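Novice: Everything below, folded, please.
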Amino acid sequence: MSETLSDKPAASRQPTPHSDAPASTAGPSPASRPSWADTLRVYLEAPTLRMLLLGFSAGLPLLLVFGTLSFWLREAGIDRTTIGYLSWVGLAYGFKWVWAPLVDRLPIPLLTRLLGRRRSWLLLSQTVIMAALTGMALTDPKLALLPVVWCALAVAFASATQDIALDAFRIESADMQRQAALAAAYQTGYRMAMIWAGAGVLWIAARAEVAGAGGVIAYQHGAWQTAYLVMAASMLLGVVTVLFSPEPVPREIPPARNAAEWLKSALVEPFADFLRRYGKHALLILALIAVYRISDVVMGIMANPFYVDMGYTKDEVAAVTKIYGVIMTLVGAFAGGALAMRFGVMRVLMLGAVLSAASNLLFAWLGSRGHDVHALIFVISADNLSSGIASAAFIAYLSSLTNVNYSATQYALFSSMMLLLPKFLAGYSGSYVDTFGYSSFFTSTALLGVPVLVLVWLASRMKMPDRP
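Specialist: Numbering: from 1, shown residues only. Here you go, the predicted structure:
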């Protein structure tokens, strides 16, 4: 394998000088492109396989407090407007840049000495997620909604913390040439976990239900309790992976002489470094980051209530997602990663933006079909394919923007901005559907993707410095 695809940790490299050459996201020249054999062989390397498993750990909590929870709440009789507002629990992901400097620099007593800086934060956050999911499982939202909300908030906060540490772990574990492959593996694991936390929860809950008189199955908290306890246990996969993964080679951090100097290096310098390196282009980059996934995120909170209101059963949604969702997620994530390595991230970013907006229009079409399982198969397949392609390219793009000296803080800033505006708008999704209906809602979310196409085009024309 070529030197650029070596297993040498990124933390051991020397920073490269800035240049006015186009960023690597524009795509390699035909002569320098890796062969298809080298491109595919990367997916079998240990760092890539570890990222597949850790991606699963990162993706599991999101739907359990965002998408699947909305199915549970709707079945329990909670109105759509309340469900929409409760999605603001996910804003924890949008503010993780606030405590990212602590995750980047602050050691955890005893744990950091045993496991290292990145793995100790990963293990702590995973433990909190498991405990909070257990708390959600033991509480019936039909009887007491507030405890479920508090536990969901704890899951979101700990999950966001896990994301901070994991993004830094991923960026520091490989050089820039391999980031697209790591992003694809991460995204594949992430999407597989979302399917398990979506279709898996519905399948488990359906199996745990007990039919009443006349075979009628009413809402049963015990079924959801079983499903969420299984999800809490599923986090053990991430725990085991962390315990058996090597810590990236730590970067030397000069000791601070006083508290003011520590705060400057931990809080101010990561953001100042980004502004220095990208200058006048920084606002364009941040604008693109802020809206790239807006179509998917705003639409997502109403997808499960839509299935319930259209008469699809838990078994139907679970079966379609489990089979077709898994296949198209794998195809999308690996295609996105491979295409980005071959042709450059920006081209695949544009493709992903087009597909993500278009797939939302398919949901509007699905609403006109009534209870049509074949149409559901087509729409879920297309949605998972487009999301896989877009996400793999976007993660690689965000990774290319970071300075490895501040990887956790800078990536947390980027990924927080990615979710802040979309999740805020998603809070009003239930109220919008109640007023205008599902068809208008899905069409509107597709139109939200139009400005994204313009921003991707502008960003692709920029000349940026090399990543340190």
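Novice: Please make it C-alpha for all contacts and neighbour counts, starting now.
Specialist: Fine.
Novice: Tell me the helix or strand right after the lowest-mean-pLDDT helix or strand in the chain.
Specialist: Lowest by mean pLDDT, DSSP states H and E among the helices and strands of the chain is helix 36-41, with a mean of 63. Going down the chain from helix 36-41, the next helix or strand is helix 46-65, by DSSP states H and E.
Novice: biggest helix in the chain by residues?
Specialist: helix 373-401 (DSSP state H).
Novice: List the buried residues of it.
Specialist: 375-377, 379-401 (16 or more other CA atoms under 10 Å).
Novice: And that helix, what does it pack against?
Specialist: The contact analysis (3 or more CA pairs under 8 Å, 6 or more residues apart in numbering; DSSP states H and E) places helix 373-401 against helix 179-195, helix 314-320, helix 326-343, helix 345-367, helix 407-426.
Novice: Nearest to residue 46, out of these?
Specialist: Among the helices and strands packed on helix 373-401, helix 179-195 comes nearest to residue 46, with 10.4 Å by CA to CA.
Novice: Would you pull up how far the helix or strand harbouring residue 127 lies from the middle of the chain?
Specialist: In the assignment (DSSP H and E), residue 127 maps to helix 117-137. Its chain's C-alpha centre and that of helix 117-137 lie 17 Å apart, by CA atoms, centre = their mean, to the nearest Å.
Novice: Also stretch 385-403?
Specialist: Relative to its chain's centre, stretch 385-403 lies at 10 Å (CA atoms, centre = their mean).
Novice: Ok, stretch 367-383 next?
Specialist: 24 Å.
Novice: How about stretch 282-292?
Specialist: Computed by CA atoms, centre = their mean, the chain-centroid distance of stretch 282-292 equals 17 Å.
Novice: which other residues reach that stretch?
Specialist: Residues from elsewhere that reach stretch 282-292, judged by CA atoms under 8 Å, 6 or more residues apart in numbering: 274-275, 353, 414-415, 417-422, 449, 452, 455-456, 459.
Novice: Buried residues, that stretch. List them.
Specialist: Applying a neighbour-count criterion of 16+ other CA under 10 Å, one finds 284-285, 287-292 buried in stretch 282-292.
Novice: roughly how far apart are residue 233 and residue 364?
Specialist: 36 Å (CA to CA, to the nearest Å).
Novice: Show me which of those two is the more surrounded one.
Specialist: Using other CA atoms under 10 Å, the more surrounded residue of residue 233 and residue 364 is residue 364, with 20 against 13.
Novice: list the contacts for the most centrally placed residue in the chain?
Specialist: Centroid check for the chain by CA atoms, centre = their mean gives residue 59 as the closest residue, at 6.2 Å. Residue 59 sits next to 189-194 when contact means CA under 8 Å, 6+ apart.
Novice: Over to residue 84?
Specialist: By CA under 8 Å, 6+ apart, the contact list for residue 84 reads 301-302, 426-431.
Novice: Which ones among the residues you listed map onto helices?
Specialist: Using DSSP H, those in helices are 426, 429-431.
Novice: Using TSV, lay out those residues together with distance to residue 162, pLDDT and neighbour count.
Specialist: Shown next, in TSV, are these (distance: CA to CA, whole Å; pLDDT from 0 to 100; neighbours: other CA atoms under 10 Å):
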residue	distance to residue 162	pLDDT	neighbour count
426	23	86	28
429	27	89	27
430	29	87	23
431	31	90	18
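Novice: What's the first helix or strand after the helix holding residue 127?
Specialist: Sequence order places helix 145-171 as the next helix or strand after helix 117-137, per DSSP H and E.
Novice: Remind me what that following helix packs against, helices and strands.
Specialist: So helix 145-171, by 3+ CA pairs under 8 Å, 6+ apart, packs with helix 46-65, helix 100-105, helix 117-137, helix 407-426.
Novice: Tell me the buried residues in it?
Specialist: For helix 145-171, by 16+ other CA under 10 Å, it's 147-149, 151-171.
Novice: Stretch 439-456 now?
Specialist: Buried residues in stretch 439-456, counting neighbours by 16+ other CA under 10 Å, are found at 439, 441-446, 448-449, 452-453, 455-456.
Novice: Then stretch 364-371?
Specialist: Buried residues in stretch 364-371, counting neighbours by 16+ other CA under 10 Å, are found at 364-367.
Novice: What ranges in the stretch 201-350 of the chain fall below the confidence cut-off?
Specialist: 212-217, 250-259, 262-263, 266-267, 322 (pLDDT under 70).
Novice: can you put the contacts of residue 59 in JSON lines and add distance to residue 77?
Specialist: Converted to JSON lines, the contacts of residue 59 look like this (distance: CA to CA, whole Å):
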{"residue": "189", "distance to residue 77": "32"}
{"residue": "190", "distance to residue 77": "30"}
{"residue": "191", "distance to residue 77": "28"}
{"residue": "192", "distance to residue 77": "29"}
{"residue": "193", "distance to residue 77": "27"}
{"residue": "194", "distance to residue 77": "24"}
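Novice: Is there a quick ChimeraX command that grabs whichever of the residues you listed are buried?
Specialist: Burial among the contacts of residue 59 is assessed by 16+ other CA under 10 Å; the matching ChimeraX selection reads:
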select :189,190,191,192,193,194
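Novice: about what we covered before: filter the buried residues of stretch 439-456 down to the ones in strands?
Specialist: Under the assignment DSSP state E, the buried residues of stretch 439-456 contribute nothing to strands.
Novice: Kindly reformat the residues you listed as TSV containing pLDDT and distance to residue 142.
Specialist: Below are these laid out as TSV (pLDDT from 0 to 100; distance: CA to CA, whole Å):
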residue	pLDDT	distance to residue 142
439	91	29
441	93	27
442	93	28
443	93	32
444	93	31
445	92	30
446	92	33
448	91	34
449	88	36
452	90	39
453	91	42
455	91	44
456	90	44
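Novice: Sort out for me which of these are in helices.
Specialist: Per DSSP H, those map to helices at 439, 441-446, 452-453, 455-456.
Novice: ok, back up a step: going by distance to residue 81, which of the buried residues of stretch 439-456 wins?
Specialist: Checking the buried residues of stretch 439-456 one by one against residue 81 (CA to CA), the nearest turns out to be residue 441, at 13.6 Å.
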